[in-house]
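Participant: Sequence and predicted structure, then a few things I'm wondering about:
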Amino acid sequence: MIIILIISTFSIVAVDSETGEVGIAVASKVFDVGYIVPWLEAEYGGVASQAYANPFLGPWILSSLSRGKPAGEALRIALSRDTMPEVRQVGVVDRHGYSAAHTGRDCLAWAGHRTGRWVSVQGNILTGPEVVDSMFAVFIRTKGPLAERLLAALEAGDRAGGDRRGRQSAALYVVRKRGGYQGADDRLVDLKVVDNPEPIKELRRLYDSWQYTFLAAAYLRLANEEGKDVFLRRARKLAETALVSTLKDPYLYNNLAWEFALKRIYPDLTLKLAHRAHELAPEDANIMDTMAEAYYAAGNWRMAIHWEKKALEKEPENEFFKKQLRRFEEGGK
């Protein structure tokens, strides 16, 4: 049996009851904890395998979940195959929200777990039970996308004391059927920090851009494909949050505005995003083109034509801009 030492790990596994997303957030005083602990499969569930981690437990449990076994039974079956369950720590949540966890009697103190419907929190070599308790409480009361709730819980665990040995790496993963870029795979959120003195802070920095760059677009696409209002609500909330953030990346706002404009929804919000992008990069022709698209989506053909002409003034040979202008002019007739 292969054994890998995982030092000072705390993690949270959860399933979103509204969207079916499955996710894990984890931090540890070890290099690249995201390479070892998380195991996820869209539409089936998630597993965190840690302490003296047996890398086969994750696949064994996911295999049982895929065959319809509930979390508790899947965990029992996997541990029965393990020769050293007393040094393992595992948390499992299945697609129906049932959770189960195991903390072996020989896991290094403080070690323990807490489970509830849709969530399992576990940790070893921690400063105390307050780490797990804080993570659980924050996850339950936090609203919004699963990724945000998981990351908020991880931050709470760190504030409560976290691991006893320090900080080094962290990871945040969320999967959902066709949740990946352009629906090519299931990776809705895929972020990790492999070696950093403040890995959770760095993970937050990365997520703050990821959610606006990729997550909002994925929610809009899923709303279109599946017709579920929850995805539209979450995409809109992300855009509104971006507008009140301190982020200064014009292309982040531009991308959001473009995605919303193409979907022809929330015209006022779309225009606010486009104007924020333009304020941050007033000479960018592509942002002017987005502004034109946003006005066109809002039914204001005159302003759409105005902004597309401004884009063409910057790039007079741009064939896409020319095509856009013709479309806007024809639509306004």
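Facilitator: Cool, got the structure.

Participant: how far away is Gly91 from Glu148?
Facilitator: According to C-beta to C-beta, to the nearest Å, Gly91 stands 19 Å off from Glu148. The C-beta positions use only the backbone N, C-alpha and C, and glycine is treated the same way.

Participant: With Leu172 instead?
Facilitator: Using C-beta to C-beta, Leu172 is found at 10 Å from Glu148.

Participant: shared neighbours of these two, anything?
Facilitator: Listed as contacting both Leu172 and Glu148 by C-beta atoms under 8 Å, 6 or more residues apart in numbering are Tyr207.

Participant: the more surrounded of those two?
Facilitator: In this view Leu172 and Glu148 are compared by other C-beta atoms under 10 Å, and Leu172 has more residues nearby, 28 against 21.

Participant: in the sheet, who's paired with that one?
Facilitator: Beta-bridge pairing for Leu172 (DSSP bridges): Ala25, Leu191.

Participant: contacting residues for it?
Facilitator: With contact set as C-beta under 8 Å, 6+ apart, Leu172 has these partners: Gly23, Ile24, Ala25, Ala147, Leu150, Leu151, Leu154, Val189, Leu191, Lys192, Leu203, Tyr207.

Participant: Please repeat the previous calculation with a cut-off of 6 Å.
Facilitator: Ala25, Leu151, Val189, Leu191, Leu203 (C-beta atoms under 6 Å, 6 or more residues apart in numbering).

Participant: what's the answer for Met288, then?
Facilitator: Shown in contact with Met288 (C-beta under 6 Å, 6+ apart): Trp307, Lys310, Ala311.

Participant: what's the burial count for Asp229?
Facilitator: Residues lying near Asp229 (other C-beta under 10 Å) number 9.

Participant: Can you tell me the closest non-neighbouring residue to it?
Facilitator: Excluding its sequence neighbours, the residue lying closest to Asp229 (C-beta to C-beta, 6 or more residues apart in numbering) is Ala223, at 7.4 Å.

Participant: Three-state assignment for that neighbour, please.
Facilitator: helix (DSSP: H, G, I helix; E, B strand; the rest coil).

Participant: Please enumerate the helices of the stretch 201-333 of the chain.
Facilitator: Remark: helices assigned in the stretch 201-333 of the chain by DSSP state H, counting those that start in this stretch are 216-226, 229-243, 250-263, 267-280, 285-297, 301-314, 319-331.

Participant: next one: the stretch 1-150 of the chain
Facilitator: According to DSSP H, counting those that start in this stretch, the stretch 1-150 of the chain carries its helices in the segments 57-66, 71-81, 130-141, 146-159.

Participant: In JSON lines: those helices, plus mean pLDDT.
Facilitator: Supplementary listing: those in JSON lines, determined by pLDDT from 0 to 100:
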{"stretch": "helix 57-66", "mean pLDDT": "98"}
{"stretch": "helix 71-81", "mean pLDDT": "98"}
{"stretch": "helix 130-141", "mean pLDDT": "98"}
{"stretch": "helix 146-159", "mean pLDDT": "98"}
